[in-house]
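Any chance you can model this:
(2 chains)
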2 protein chains.
Amino acid sequence: LNAFDPWPPVPDGSAFGLDNLPFGVFSHPAVADGAPRIGVAVGDHVLDAAPVLDDPVFAAPTLDAFLARGRALWTETRARLTELLTDAHYQGSVSHHLVARAEVALHLPFTVGDYVDFYCSLDHASNVGRIFRPDAEPLLPNWRHLPVGYHGRSGTVVVSGTPVVRPCGQRRPPGAEAPTFGPSMRLDIEAEVGFVVGVGSPLGEPVPAGSFADHVFGVVLVNDWSARDIQAWEYQPLGPFLGKSFATSISPWVVPLEALAAARVDGPAQDPAPLDYLRRAEPWALDLSIEVALNGAVVSRPPFATMYWTPDQMLAHLTVNGASTRPGDLYASGTVSGPERGQRGSLIELTWNGAEPLTLPDGSTRAFLEDGDTVTISATAPSATGGLLSLGEVTGTIHPARPT
Amino acid sequence: LNAFDPWPPVPDGSAFGLDNLPFGVFSHPAVADGAPRIGVAVGDHVLDAAPVLDDPVFAAPTLDAFLARGRALWTETRARLTELLTDAHYQGSVSHHLVARAEVALHLPFTVGDYVDFYCSLDHASNVGRIFRPDAEPLLPNWRHLPVGYHGRSGTVVVSGTPVVRPCGQRRPPGAEAPTFGPSMRLDIEAEVGFVVGVGSPLGEPVPAGSFADHVFGVVLVNDWSARDIQAWEYQPLGPFLGKSFATSISPWVVPLEALAAARVDGPAQDPAPLDYLRRAEPWALDLSIEVALNGAVVSRPPFATMYWTPDQMLAHLTVNGASTRPGDLYASGTVSGPERGQRGSLIELTWNGAEPLTLPDGSTRAFLEDGDTVTISATAPSATGGLLSLGEVTGTIHPARPT
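Below is the predicted model of the structure:
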């Protein structure tokens, strides 16, 4: 690899500039004999972190040990990376540890401990309520009092690009008494934002909302694939199970909270006022602009800043009963939907349960996903330097169901 | 330590005889400098497995790597242990690796991957339905078609003996519109049986019911502590969350499936006949006799053989959508309740939602658990030699809520 000129190695307008510096796990035949290890995305390249930071924690195949180091060391590492990538003194030595992003394979960046999925969008919860209970109050009585959530399957969280095989399962045709078995006919997406816990908390010690940034390292994008027909039949009374557990995809680059300083905004006003343990101490709503593309056509632009419950509140709620957390715990926001039709983060909302199919640029229509469809969720945030930084993307293609 | 005489080192009538040989993780100041490692319970002792089996996999602080080895090596290890503990030739050398069970500390025996909790008792589901929906059909329409289940929090699975701090959370007093915050006033137990996955399965490959024993290593007892008031307020529409996630206790000794050969019985007849993927290939109902003791007094004797859905069916269902499994995944049966009043596995059933409190031997009454209460769940199974073997016990004491 040659030394870069100019330095730093960031093309004009790149959304992976020095104000971003997300962490991931990559492999490349020319680096460490192809073994997965930690990299930092910068411009169109990946920086091999272990040699330039001279720290074996980055030679690991997961971020787990780095995540556990905590806020002070995360900050120190970020400052050191910025120094290495800006000071021309390091240009020669650092250049040798950059590889083209287009040439690397990206891996699941951390070992997922527990995976929790919330339900924090007022617009999403209201849309779902209107679709399934058209004659009733759309929001259930608990919704404005707590961030509703449940545990998902951590073992089936996969990295962006992993094929998603259409799941089989039980679903009951409309009007039928008994279920049938077969491939899901109502395969959907959920565009979400996920929060990656770095520093855990012991059993019995709730994490106050104000301690959010001491525990959470950063953010990924999440597609919580959902088989609506399987889910509808199974979910009473204990919640979603097989309708969700076949795959949850996450973006490969974990964007540190520090990179999102300029994206922090006050969350929406909450009425009624939440109980004390849920009171926000600092603004942790995030002004992320999400795009959902189906086969390359943008079908929705969900605005994350509209989420009723903010991630500091989610963590406070998750732990208020004394539940412990671990490095690598992942909790997601739930489907991000804004108030406009073009801001809905799931097909069930975009097509109003299939009644109003989407028309794609090729003239085809979609109520739910077909085999071969590719869904890509991306997002940007305002950066500290006045531009935009990218949260990367999470993508997945639907493969046909396994023959039964 | 002295050589035992007679040999094998099993007192008459011990429920930890050579037909049991469960695996756990123990520590003892005189063994490996007090580091946790794998032991096998035999009689009143624990056998330090690493030196006698001459295998470093047993010097680990968890069963994880041993679990992943699979059925053939599990069988071989069991046969070797039997040989070591019966052949007088080994008496001298093996004796030196036995420590008194009363002197060891027992640890969480494996790293819990995903924790799934099912709802497989017809009597339990019917009781809960009658309590909460007295005017409706007790069972929901899906219940006889599939083993209803959900994911719990794997990070708060704790070993027997770990104190259980009364959780705080939101609960809505009867008749009130808004919730209040504070300690759960309706803290309950759920007596369950848990299944420990040894050999995992890849994403996209369902595990047929007939392959159950190729994947599941053994069995533990589970107390799925439940805060009924928190659960009642939060659980719509995504299922239990904080009402369960504060602690789930498991027994320390994992009893291998092979030890339970004499306990295998046909499961109850199922009507309607389950879909193909749920058909039983072999008898995997287990005739376990469970006892639930509250402060030393037996309050229930749930019969595990009555469970409508059997563990082979649970695993087939859990994976039919292509969900992968890992060594250390734990799935539990849900509350075990039999048809008789004295066979109910939760206080909410035993006291009919508090309306019919239990009277304890000291004259006190209980609707739900009080601070200081100790709950111990134990179980026995018929053994291959015509006696009984023990699954050990899972116990926990309620500590007062953290001050708020």
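
When you work out contacts or count neighbours from here on, use the C-alpha atoms and nothing else.
Will do.

Would you tell me which residues of the stretch 201-350 of chain A are close to chain B?
Contact residues, the stretch 201-350 of chain A versus chain B (CA under 8 Å from any CA of the partner chain): A:203-204, A:233-242, A:245-247, A:275, A:318, A:320-326.

now with 10 Å?
Within the stretch 201-350 of chain A, the positions lying close to chain B (CA under 10 Å from any CA of the partner chain) are A:202-206, A:227, A:230, A:233-247, A:272, A:275-277, A:317-326, A:329.

and the residues you listed, which of them are in helices?
A:230, A:233-234, A:317-319 (DSSP state H).

now these as a markdown table including pLDDT, distance to B:Ser378 and neighbour count?
A markdown table is the format used below for these (pLDDT from 0 to 100; distance: CA to CA, whole Å; neighbours: other CA atoms under 10 Å in any protein chain shown):
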| residue | pLDDT | distance to B:Ser378 | neighbour count |
| --- | --- | --- | --- |
| A:Ile230 | 98 | 36 | 29 |
| A:Trp233 | 97 | 35 | 19 |
| A:Glu234 | 97 | 32 | 27 |
| A:His317 | 98 | 33 | 25 |
| A:Leu318 | 98 | 31 | 26 |
| A:Thr319 | 98 | 30 | 24 |
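
Just want the most central residue of chain A.
Closest residue to the average C-alpha location of chain A: A:Leu221 at 2.3 Å, with CA atoms, centre = their mean.

quick one, what contacts it?
A:160, A:191-195, A:249-255, A:290, A:332-333, A:377-379, A:391-395 (CA atoms under 10 Å, 6 or more residues apart in numbering or on different chains).

repeat for A:Gln236
B:140-143, B:148-149, B:236-239.

And the buried ones among those, selectable in PyMOL?
Buried subset of the contacts of A:Gln236, written as a PyMOL selection, criterion 16 or more other CA atoms under 10 Å in any protein chain shown:
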select buried, chain B and resi 142+143+148+149+236+237+238+239
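
Identify, from the contacts of A:Gln236, the entry nearest to A:His45.
Comparing these against A:His45 with CA to CA places B:Leu238 closest, at 41.1 Å.

separation between the closest residue to A:Ser14 other than its chain neighbours and A:Trp7?
Nearest residue to A:Ser14, sequence neighbours excluded (CA to CA, 6 or more residues apart in numbering or on different chains): A:Gly43, at 5.9 Å. Look at A:Gly43 and A:Trp7: by CA to CA, to the nearest Å, they are 11 Å apart.

neighbour count winner among the two?
A:Gly43 (22 against 16; other CA atoms under 10 Å in any protein chain shown).

Let me see the backbone angles for the more buried one.
Here is the backbone geometry of A:Gly43 (degrees, to the nearest 10): phi 60, psi -130.

how close does it sit to A:Thr310?
A:Gly43 is 30 Å from A:Thr310, where distance means CA to CA.

mean confidence score for the strand or helix carrying A:Ile131?
Taking DSSP states H and E as the criterion, A:Ile131 maps to helix A:122-132. Average pLDDT, helix A:122-132: 96.

helix or strand right after the biggest helix by length in chain A?
In chain A, ranked by residue count with DSSP H as the criterion, the top helix is helix A:71-86. Note on helix A:71-86: by DSSP H and E, the next helix or strand toward the C-terminus is helix A:91-95.

and A:Ser383, how many neighbours?
Look at A:Ser383: counted by other CA under 10 Å, it has 20 neighbours.

Same question for A:Asp362.
By other CA under 10 Å, neighbour count at A:Asp362 equals 8.

same question, A:Asp54
Counted with other CA under 10 Å, A:Asp54 comes out at 10.

what do you get for A:Pro357?
A:Pro357, neighbours per other CA under 10 Å, totals 17.

check contacts around it.
Neighbours of A:Pro357 in contact, by CA under 10 Å, 6+ apart: A:347-348, A:350-351, A:364-368.

Mind checking which of these are buried?
Neighbour-count burial (16+ other CA under 10 Å) applied to these gives A:347-348, A:350-351, A:366-368.

ok, of those, which one's closest to B:Ala68?
A:Phe368 (38.5 Å).

so the closest one, which of the three states?
coil (DSSP: H, G, I helix; E, B strand; the rest coil).

my read: it touches A:Thr359, true?
No. With contact defined as CA atoms under 10 Å, A:Phe368 and A:Thr359 do not form a contacting pair (11.6 Å).

Tell me the bridge partners for A:Val219.
Bridge pairing for A:Val219 (DSSP bridges) gives the partners A:Phe195, A:Val255.

if we can go back for a sec, how about the residue nearest to the centre of chain A, nearest residue that isn't a chain neighbour?
A:Val193 (4.7 Å).

Was I right to think the one you found contacts A:Ala379?
Yes. If you go by CA under 10 Å, A:Val193 and A:Ala379 touch, sitting 9.4 Å apart.

before we move on, back to that, checking my notes, the residue nearest to A:Leu221 in a strand, right?
Yes. Read with three-state DSSP, A:Val193 is one of the residues of a strand.

give me every residue that touches it.
For A:Val193, the contact set (CA under 10 Å, 6+ apart) comprises A:117, A:219-224, A:250-251, A:288, A:290, A:304, A:311, A:331-336, A:379, A:391.

pLDDT wise, what is it at?
Taking A:Val193 on its own, its pLDDT is 99.

quick one: it and chain B, what's the gap?
To chain B, A:Val193 is 18 Å away according to CA to the nearest CA, to the nearest Å.

follow-up on the earlier one: got a PyMOL select line for the buried ones in the residues of the stretch 201-350 of chain A next to chain B?
Of these, the buried ones go into a single PyMOL selection, burial set by 16+ other CA under 10 Å:
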select buried, chain A and resi 203+204+206+227+230+233+234+235+236+237+238+239+240+241+242+243+244+245+246+247+277+317+318+319+320+321+322+323+324+325+326+329
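
so of the residues of the stretch 201-350 of chain A next to chain B, which ones are in strands?
A:Ala227 (DSSP state E).

For the helix or strand hosting A:Gln313, which helices and strands make contact with it?
Using DSSP H and E, A:Gln313 maps to helix A:311-319. Other elements packing on helix A:311-319 under the criterion 3 or more CA pairs under 10 Å, 6 or more residues apart in numbering or on different chains; DSSP states H and E are strand A:115-118, strand A:149-152, strand A:191-197, helix A:212-215, strand A:216-223, strand A:285-286, strand A:330-332, strand B:168-171.

got TSV for the ones you listed, with distance to B:Ala263 too?
Converted to TSV, the helices and strands packed on helix A:311-319 look like this (distance: least, CA to CA, whole Å):
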stretch	distance to B:Ala263
strand A:115-118	36
strand A:149-152	33
strand A:191-197	43
helix A:212-215	47
strand A:216-223	44
strand A:285-286	55
strand A:330-332	40
strand B:168-171	40
